[in-house]
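Asks: Predicted model and sequence follow; I will ask about them next.
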Amino acid sequence: MEQLAITGHDEPSTEGRRKKRRAKAKPIEALAPENPVAEVVVDINAAALDRLFDFSVPERFNDLAQPGCRVRVRFAGRLVNAFIVRRRSESAHPGKLTRIDRVLGPAVLTSEVLEMSRAVADRYAGSVNEVLRDAVPARHVRSEAAFVDADGRLRERRPPKEDSHAPRVEVDWSGYVGGKELVDRLDNGKQARAGLVVAPQDSGPTLVADLIARAGGRAIVVVPDGADVDRFAQVLESHFGERVARLTGDQKTPERYRSFLQIRTGQRSIVVGTRNCVFAPVTDLRLLVVWDDGDDSLAETRAPGWHAREVAALRSLSSNASLVLAGRARSIECARLLAQGWMHPVEPDRAKRHGCARILTLADGRADDPAAGSRIPRFAWEAISQGLRGGPVLVQVGRVGYLPALACLDCGSIARCSVCGGPLGQHTRAQALQCRWCGKLQPDFACSTCGGGDKRAVRIGSARTAEELQAAFPNIPVIVSDSVNGVKTEVDARPHIVVATVGAEPTADGGYQAAVFLDGDAQLAGAHLRGEEQLVRRWFNALSLVKSGIESGVVAVTADPHHRAVQALVRNDVVGWCERELADREETGLPPITRCAAITGPRGAVTAFADACELDESWRVLGPSPLQAPGSRSGAERLVVLAPIADGSRLAGKVKMALAAGADGSGDNRVTVRIDPPAVL
DNA sequence: ATCGTCATTTGT
DNA sequence: CAAATGACGATC
């Protein structure tokens, strides 16, 4: 009987002797009695291989080889990893099927995650296996033992008893326009989609905890970085205890895999983590929260470059889980979804908006300040010294280093590297000038335009700012938080000065007494498309670190008080700012109003690829324009295609077709394509 | 991707 | 006329 099941090796062998010997040494095993065919996704990065392949299941793997399992298969002559998608009774493949070589562990990939990965791949013109690499963490065999039974299957576990009734968190939503509607829907088990702006005086983690409780647990909270994970997890664990799992990019393989399996087996049902956790296999997911979704670290850098907000949106569509994009600011992408009516706004009302720290600018009669033109005007000094009487003071600066940008004293042209033409900067007080692109040290500066040897500072960095403040307040400790000295996550409540680059501000125990936002004008002037958006986002993030309420602190902003970004801060109105920015993008037809494909590569190859895509006549093509950046080889250029959102999947489809046909080239002539990359133009 | 096959080019 | 480089095409 077993003989009948043998499909055997295909040897059209001429020598019966050899055949006999082999058969004796290794008798051919029968195939699985039921569904002997396994459809798999192979783990090879090639657009042309982004489809399912059939393999046969030997009898001994019949129980183990379940859908969702990682397996090892011989494919195109090599052993590669793959995921089983499903088992079937027969194959449509005309040829003979190769056998699965080995089964690597239990079913880690759920059908929901697979389907979502497919949707993400389609949206970004990538292939499923690329997305699966991000969705399913690396296997760790030793950690696995505790989660599988003797038969190799996952041991399903229920969360530590407690309840069908998740503990309530005491949050008063009356200060939020749209808040009642949101929590009503969650309370009633209906799907909700909301763009939530959290007031500076409220705790983000607490509000999120309340939403999770109302949604009945079973939630994923995606945050930008590890420090945020700690902040959120602490609060969530205080409410939900053992049900919370952390999943972050900086966990080691065993810890990460264990966390993942705890989620997969149902042992933990609330996940807080960095971008990849948006794929976490929470069973019966009810709520997805993306915190501060304007932060670029929520975008994967490797292909296909998905963004956690978009993945969450796709997942909420396919799973019926609620979706909340929450933060101190609002991303333009979120504003677009709101304008479209796909999500509902939830925002602090007028009274709540007035309840935060006081914002001071050069307006309000302070324009006559004799020191108004200096980098740190008098009112900012006053804010610092007054603040120091009660506690810590935050000084936010635009750039890291000592003197990050210099210019020739004579002709005023920017100091540039003699080798590569990159901008020169002085990183520490003692160090010579160094090129920011190629790193070459240049002790003897000579202006490349006029030959002059004298220079002046154009920008002042965190190190120099700290030095100046230390000189002015000799008895006060000055702490620096930046990429060079290390990013601090928390400081205590004693009076000291914290100098931080934008985005690297530590939280202060009890809140800062005062804050000063420096270099706003320079940052707003360097405006590429999203520069202003990023600054506004970071300002509002920093604003929330300052004491509010009755003893509220002050925030001194030195940028042009008439700039709309500064006005947004003064009126604590990030929503209005966002609406205006969205209107601007609508006028110019730039992302996120349009779907975008950015094609980058060597000269010529870029346009050749665009031709291969057979783009619609109606789509807008910008460039190709030369790429001037530190890493890029000279001659690299970029072409940007803008299509209406409604054409998004057609654009991605055409790009994918071209990729599958190999139009992206190989070796030095290779082009890369990104759909909706975080940085365009 | 990577490997094989077939075709075209190059070398002595 | 044989080795060498290259370009499709299939991969189960």
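Replies: In hand now; what should we look at?
Asks: Mind checking if stretch A:41-48 is in reach of DNA strand B?
Replies: Yes: applying Cβ under 7 Å from any atom of the strand, one finds stretch A:41-48 in contact with DNA strand B at A:44, A:45, A:46, A:48. In short, each C-beta sits where N, CA and C put it, glycine included.
Asks: Can I take it that the last one is in a helix?
Replies: Pointing back at residue A:48 there. Yes: counting by DSSP: H, G, I helix; E, B strand; the rest coil, residue A:48 is found in a helix.
Asks: Can you name the residues of chain A that neighbour DNA strand B?
Replies: Within chain A, the residues that sit near DNA strand B (Cβ under 7 Å from any atom of the strand) are A:44, A:45, A:46, A:48, A:49, A:76, A:77, A:78, A:662, A:666.
Asks: Skip the chain neighbours and tell me the closest residue to residue A:661.
Replies: Setting aside the residues directly before and after it, residue A:661 is nearest to residue A:612 in space (Cβ to Cβ, 6 or more residues apart in numbering), at 6.9 Å.
Asks: Name all residues that make contact with that neighbour.
Replies: Listed by Cβ atoms under 8 Å, 6 or more residues apart in numbering, the contact set of residue A:612 reads A:658, A:661, A:663.
Asks: Format those as CSV; extra columns: secondary structure, pLDDT and neighbour count.
Replies: Output for the contacts of residue A:612, formatted as CSV (DSSP: H, G, I helix; E, B strand; the rest coil; pLDDT from 0 to 100; neighbours: other Cβ atoms under 10 Å):
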residue, secondary structure, pLDDT, neighbour count
A:658, helix, 91, 24
A:661, coil, 88, 12
A:663, coil, 87, 19
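Asks: hmm, back to that, and DNA strand C, which of the residues of chain A next to DNA strand B reach it?
Replies: A:46, A:48, A:49, A:76, A:77.
Asks: most centrally placed residue in chain A?
Replies: Centroid check for chain A by Cα atoms, centre = their mean gives residue A:298 as the closest residue, at 0.9 Å.
Asks: Select the longest strand from chain A.
Replies: Among the segments of chain A that qualify as a strand by DSSP state E, the longest is strand A:78-88.
Asks: What residues sit buried inside that strand?
Replies: By neighbour count on 16 or more other Cβ atoms under 10 Å, the buried set for strand A:78-88 is A:80, A:81, A:82, A:83, A:84, A:85, A:87.
Asks: Stretch A:330-350 too?
Replies: Under the neighbour-count criterion of 16+ other Cβ under 10 Å, stretch A:330-350 has A:330-339, A:343-348 buried.
Asks: wait, which of the residues you listed is closest to DNA strand B?
Replies: residue A:333 (31.1 Å; Cβ to the nearest atom of the strand).
Asks: SS state for the closest residue to that closest one other than its chain neighbours?
Replies: For residue A:333, ignoring the flanking residues on the chain, the nearest one in space by Cβ to Cβ, 6+ apart is residue A:592 at 4.5 Å. When classified by three-state DSSP, residue A:592 comes out as coil.
Asks: from the stretch 1-150 of chain A, which residue is nearest to DNA strand B?
Replies: Closest residue of the stretch 1-150 of chain A to DNA strand B, Cβ to the nearest atom of the strand: residue A:46 (3.3 Å).
Asks: count of neighbours near that residue?
Replies: Applying the criterion other Cβ atoms under 10 Å, we find 13 residues in the vicinity of residue A:46.
Asks: Contacts only, for the closest residue to it other than its chain neighbours.
Replies: Once flanking residues are discounted, residue A:46 sits nearest to residue A:127: 7.5 Å by Cβ to Cβ, 6+ apart. Residue A:127 makes contact with A:45, A:46, A:47, A:49, A:50, A:121, A:304 under the criterion Cβ under 8 Å, 6+ apart.
Asks: now swap in residue A:60 and tell me
Replies: When the contact criterion is Cβ under 8 Å, 6+ apart, the partners of residue A:60 are residue A:29.
Asks: could you redo the last one with a cut-off of 10 Å?
Replies: A:29, A:30, A:32, A:103 (Cβ atoms under 10 Å, 6 or more residues apart in numbering).
Asks: Is there a neighbour count for the closest residue to residue A:363 other than its chain neighbours? I'd like the number.
Replies: Nearest residue to residue A:363, sequence neighbours excluded (Cβ to Cβ, 6+ apart): residue A:561, at 3.9 Å. The local packing of residue A:561 (other Cβ under 10 Å) involves 18 other residues.
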